[in-house]
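Peer 1: I need the structure of the sequence given here:
(one chain, ligands or ions: 1)
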Amino acid sequence: MNKSILPAAKLQGHISVPADKSIAQRAALFSLLAEGRSEIKNFPPAQDPQTALQCIRLLGAEVIQEGSDVVITGPGRWNMKVPGQEIDCGNSGTVMRLLSGILAGAGIPATLTGDESLSSRPMMRIIEPLMQMGAEITSSEGGYPPLRIERNRELASVDFTLPVPSAQLKSCVLLAGLFGSNPTTVTETLPSRNHTETMLQLPVKQQGNKKIITVSRDHAVRPMKLHIPGDFSSAAFWLVAGSVLNDSEIRLSGTGINPTRSGALKVLERMGADISVTGERTSAGEPVADIVVRSARLKATSIQAEEVPDVIDELPVLSVAMACADGVSHIRGAGELRVKESDRLAAMEKMLHQSGVQIRTYEDGLTISGKPDARLLPGRYLSFHDHRIAMAAAILALKADGVSEIADAEAAAVSYTEFWDHLDILSYR
Ligand code: S3P
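Peer 2: Presented below is the predicted three-dimensional model:
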């Protein structure tokens with residue numbers, strides 16, 4: 001699907017962003033592990049969370065979905081069934097990596113496949129610790145999907161220190177450890193998103209700058225009742241759009257603001273954004289709030305490696321903010337962006353270059369010379385079949401002085417099915 005995007009004079013209105021993709025996928029996978037009835041409200045229609053529901057059905061969960069209400073009857077972690085077919089993880093790295101930990105831990109033989117993008121994402125990072133624990137896993141040459149997990153005996157425990165600050169890798173090892181008689185520990189020095197430890201209520205110890213999470217088969221996984229908060233990563237598109245377009249005001253209700261996810265708030269505030277966060281509350285252990293963003297003149301900033309995990313999924317749209325900010329901005333220590341749903345550093349370079357913004361790419365980042373006072377050039381953007389690139393391109397296109405085109409714009413539905421409708425609702429021309 002090709003989308004034509006007209007420039008906008010301003011953005012105004014009130015929306016609720018869709019439910020959090022990371023939490024929804026975990027809600028599905030953890031309900032499979034819990035024996036009995038889990039009730040999940042505000043489950044999103046987006047492609048990745050729906051993929052998670054399909055996958056758990058193949059392993060013996062009963063899933064009843066009525067609108068955004070999902071009831072999952074889980075077989076429990078000791079009674080999952082061997083799937084009768086390959087498990088298609090679609091576009092979702094989270095599903096593939098977390099499910100691999102579960103299947104290896106349970107010793108359930110299965111083959112995990114994915115779409116073209118997922119098939120080119122690195123899996124060695126999970127294969128290595130799982131094999132160290134005694135799992136037998138084969139992959140395509142170089143450690144790419146499909147993954148074949150063989151039936152294995154009980155896994156040994158490990159003390160694993162994360163070599164990259166990845167919540168998917170952390171969660172994979174913790175989930176495998178949930179089947180072992182002896183405690184497995186995962187240590188991280190740069191905190192990655194903490195939904196797994198929060199939702200499974202795992203014991204967490206802080207030792208200086210180290211966070212140590214412990215798990216074993218003795219840890220109970222109970223059915224859950226959960227209302228999934230709005231996805232901060234989806235809200236970030238509007239936080240940037242509302243900041244960089246004149247005369248704008250956007251209200252976003254019920255948005256998750258977990259600090260391991262919402263680093264973009266700090267970055268935008270540092271850039272001079274006018275954002276207010278009110279009505280803070282907690283939903284299922286996750287902080288939630290209402291956010292209002294108003295137009296502001298943004299100034300350049302730097303994002304370094306320590307800050308990257310908190311903004312990892314927001315870096316494409318933050319680079320749009322940098323393109324509209326006064327001065328030269330830098331992103332460094334973000335090499336992980338090269339192995340996301342697309343090579344996001346290369347994608348942003350192509351996109352910003354077309355819009356007439358000066359950009360330099362490094363192996364691990366970008367340097368962007370902002371153009372705060374000029375309308376940008378309209379572009380013919382490729383989404384690279386990457387949801388966040390398609391949506392970042394749309395926000396950039398609102399600032400252009402003509403009509404832009406985005407190819408393969410349907411990719412947005414991986415995390416945000418209503419994105420194009422919300423864009424129409426909020427845009428004034
Ligand atoms: C996710 C973790 C992040 C993030 C991805 C979702 C998760 O990946 O980029 O979109 O749900 O755990 P990494 O943990 O590999 O950085």
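Peer 1: make it CA atoms for all contacts and neighbour counts henceforth
Peer 2: Noted.
Peer 1: near the ligand, which residues of the stretch 251-400 of the chain show up?
Peer 2: 312-313 (C-alpha under 6 Å from any ligand atom).
Peer 1: what about the residue in the stretch 251-400 of the chain that the ligand sits nearest to, how many neighbours?
Peer 2: Closest approach between the stretch 251-400 of the chain and the ligand, counting by C-alpha to the nearest ligand atom: residue 313, at 5.2 Å. As a burial measure, residue 313 scores 21 neighbours (other C-alpha atoms under 10 Å).
Peer 1: spatially nearest residue to it (excluding sequence neighbours)?
Peer 2: residue 233 (6.6 Å; C-alpha to C-alpha, 6 or more residues apart in numbering).
Peer 1: packing partners of the helix or strand hosting the one you found?
Peer 2: Per DSSP states H and E, residue 233 falls inside helix 232-244. Here helix 232-244 touches strand 10-15, strand 249-256, strand 286-294, helix 315-323, helix 387-398, going by 3 or more C-alpha pairs under 8 Å, 6 or more residues apart in numbering; DSSP states H and E.
Peer 1: what residues does it touch?
Peer 2: 10-12, 17-18, 20, 248-250, 252, 255-257, 261-262, 264, 268, 273-275, 293-298, 313-314, 317-318, 320-321, 324, 391-392, 395, 399, 415-416 (C-alpha atoms under 8 Å, 6 or more residues apart in numbering).
Peer 1: the residue of the stretch 251-400 of the chain closest to the ligand sits in which helix or strand?
Peer 2: Short version, using DSSP H and E: residue 313 is in no helix or strand.
Peer 1: quick one: the helix holding residue 233 near the ligand?
Peer 2: No: judged by C-alpha under 6 Å from any ligand atom, helix 232-244 makes no contact with the ligand; its nearest approach is 8.8 Å.
Peer 1: CA atoms only: put that helix into CSV for me.
Peer 2: Presented in CSV, the C-alpha positions along helix 232-244 are these (Å, rounded to 0.1, in the frame of the first residue of the first chain):
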residue,chain,number,x,y,z
PHE,A,232,4.6,4.8,24.8
SER,A,233,6.4,3.9,21.6
SER,A,234,3.2,4.7,19.6
ALA,A,235,2.7,7.9,21.6
ALA,A,236,6.2,9.0,20.7
PHE,A,237,5.2,9.7,17.1
TRP,A,238,2.7,12.3,18.3
LEU,A,239,5.0,13.7,20.9
VAL,A,240,7.4,14.6,18.1
ALA,A,241,4.7,15.7,15.6
GLY,A,242,3.0,17.9,18.1
SER,A,243,6.3,19.5,19.0
VAL,A,244,7.6,20.3,15.5
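Peer 1: for that helix, the distance to its chain's centre please.
Peer 2: The chain centre lies 15 Å from the centre of helix 232-244; the measure is C-alpha atoms, centre = their mean, to the nearest Å.
Peer 1: and the helices in the stretch 1-150 of the chain?
Peer 2: 21-33, 47-58, 93-106, 124-132 (DSSP state H, counting those that start in this stretch).
Peer 1: for the ligand, which of the ones you listed is the nearest?
Peer 2: helix 21-33 (3.9 Å).
Peer 1: what helices and strands are in contact with the closest one?
Peer 2: strand 35-41, helix 47-58, strand 69-75, helix 93-106, helix 195-199.
Peer 1: mean neighbour count added to the helices of the stretch 1-150 of the chain, as TSV?
Peer 2: Shown next, in TSV, are the helices of the stretch 1-150 of the chain (neighbours: other C-alpha atoms under 10 Å):
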stretch	mean neighbour count
helix 21-33	26
helix 47-58	22
helix 93-106	26
helix 124-132	19
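Peer 1: which stretch among the ones you listed comes nearest residue 229?
Peer 2: helix 21-33 (8.4 Å; C-alpha to C-alpha).
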